[in-house]
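Trainee: structure, please.
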Amino acid sequence: MNLRRPASAPVRAIKRLLSHHEIATLLLLLHAPIDAMAATPDVASLQEYGYVEIVSPDTGAPKVRLTEDGNAVLRGLGVR
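Mentor: I've put the predicted structure just below:
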């Protein structure tokens, strides 16, 4: 049985265990970005690990949204 992944497939790994608060934050961000001003301390740790990013739209306040790695974590949990 061949279990090798294709060379073009990216390797994504969870960088560390997430707290239940961090997982809940990822789930909230799955549905909609949140204002950066409303961000919790969990957002800072998720940003440090590359799971979320802060984006500045042309108008309005900066928003926090999931990155591709954050989406990969949710897919690994069976959410997406």
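
Trainee: list the contacts of the helix or strand Val43 falls within.
Mentor: Using DSSP states H and E, the element containing Val43 is helix 41-48. Outside helix 41-48, the residues that touch it by C-beta atoms under 8 Å, 6 or more residues apart in numbering are Ser19, His21, Glu22, Ala24, Thr25, Leu26, Val52, Glu53, Ile54, Val64, Gly70. All C-beta atoms are positioned from the backbone trio N, CA, C, and that covers glycine.

Trainee: of the residues you listed, buried ones?
Mentor: Glu22, Thr25, Leu26, Val52, Glu53, Val64, Gly70 (16 or more other C-beta atoms under 10 Å).

Trainee: just give me the residue right at the centre of this structure.
Mentor: Gly70 (2.2 Å; C-alpha atoms, centre = their mean).

Trainee: just checking, that residue touches Pro33?
Mentor: No: contact criterion C-beta atoms under 8 Å: Gly70 and Pro33 do not qualify, at 11.5 Å.

Trainee: direction included, what does the lowest-mean-pLDDT helix or strand in the chain pair against?
Mentor: Ranked by mean pLDDT, DSSP states H and E, the weakest helix or strand in the chain is strand 34-35, scoring a mean of 87. Under the criterion DSSP bridges, strand 34-35 sits next to strand 63-66 (antiparallel) in its sheet.
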